[in-house]
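**Q** predicted model and sequence below, questions to follow.
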Amino acid sequence: FMQGGLSFAYHFGEPEIDAVEDDDPIVFFVALEWRLNRMAGHTSHGPGIQAGIALLDGWLEVGLAGYGRPGPWNPKTFELNLPAGQSYRGKTQINLRSDGGFFGGVIAPRIPLPFSSIQLRAPILLGQGAYGFYFTGDDRNTPDGRRVSAWENELQDGRDASCGFVVEPGLRASFVIDELPWLRPYVGMSDSINGGYDAFLQGSYNGFAWSAGTQLGTF
């Protein structure tokens, strides 16, 4: 009979105990990373996170993923040139910053290798990416007291931000440490395609990204 995951069998009045192991245990994981992006024609950086489960004896990972491009951490500015006869706080050119990010799902099949010290995967991120452009510094003090978001929207033809459906294929190499089976550092690269994105200052937020992080799990 079965009890507590162990199989008990009686032979000639004496019990024998055999451990029964799951054929396909579910592995839970969370990954924290930092990304270096070359998206929208400029270099930026920001954090990323993934969490989910590994199935098929670890050959397929599925879960949720997200990453951000924080505006305050990235000094890049984008010039907004106002048309003739229009000004803001007496200026016809305004420097804006950008922020945004991605949220969606991740599917990461494992690619076979002839050794076990490195695991190679081909993750694909699918979801929504949204990025916008905003006033910074003294320009956030509007001349008429209106909300700064109203001015940002008005001066950018109603398209101060945009979103699209992101498809992001990539490669990721994880390093397996026998002494620390729950810890797997990794590096990766990906190509983000943000379909349908169209903001006033940037018609595309596509581009490559490089990442480095650590995956924690019940491996």
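**A** On my side now, so go ahead.
**Q** secondary structure element for residue 151, which one?
**A** helix 148-155 (DSSP states H and E).
**Q** quick one: list the elements packing against the very next helix or strand once past that helix.
**A** Next in sequence after helix 148-155, counting helices and strands by DSSP H and E, comes strand 161-175. On a contact count with 3 or more C-beta pairs under 8 Å, 6 or more residues apart in numbering; DSSP states H and E, strand 161-175 meets strand 93-111, strand 118-121, strand 124-135, strand 183-195, strand 207-217. Yep, even glycine has a C-beta here, placed from its N, CA and C like the rest.
**Q** of all these, which gets the most neighbours per residue?
**A** strand 124-135 (a mean of 20; mean count of other C-beta atoms under 10 Å).
**Q** between that strand and strand 183-195, how big is the angle?
**A** 70 degrees (axes from the mean of the first three to the mean of the last three C-alpha atoms, to 10 degrees).
**Q** could you give the angle of strand 124-135 to strand 93-111?
**A** Going by the same axes, to 10 degrees, strand 124-135 makes 170 degrees with strand 93-111.
**Q** just to revisit the earlier point, which other residues reach the helix holding residue 151?
**A** 80, 82, 86, 88, 94, 96, 133-135, 139-140, 142, 160 (C-beta atoms under 8 Å, 6 or more residues apart in numbering).
**Q** ok, back up a step: any chance of CSV for the helices and strands packed on strand 161-175, columns mean pLDDT and distance to residue 147?
**A** Converted to CSV, these look like this (pLDDT from 0 to 100; distance: least, C-beta to C-beta, whole Å):
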stretch, mean pLDDT, distance to residue 147
strand 93-111, 97, 16
strand 118-121, 97, 44
strand 124-135, 98, 11
strand 183-195, 98, 27
strand 207-217, 97, 31
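**Q** in TSV: those, plus distance to residue 51.
**A** Listed next are those as TSV, based on distance: least, C-beta to C-beta, whole Å:
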stretch	distance to residue 51
strand 93-111	9
strand 118-121	15
strand 124-135	13
strand 183-195	14
strand 207-217	10
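**Q** ignoring the adjacent residues along the chain, who's closest to residue 161?
**A** The shortest distance from residue 161 to any non-neighbouring residue, by C-beta to C-beta, 6 or more residues apart in numbering, is to residue 132 (2.9 Å).
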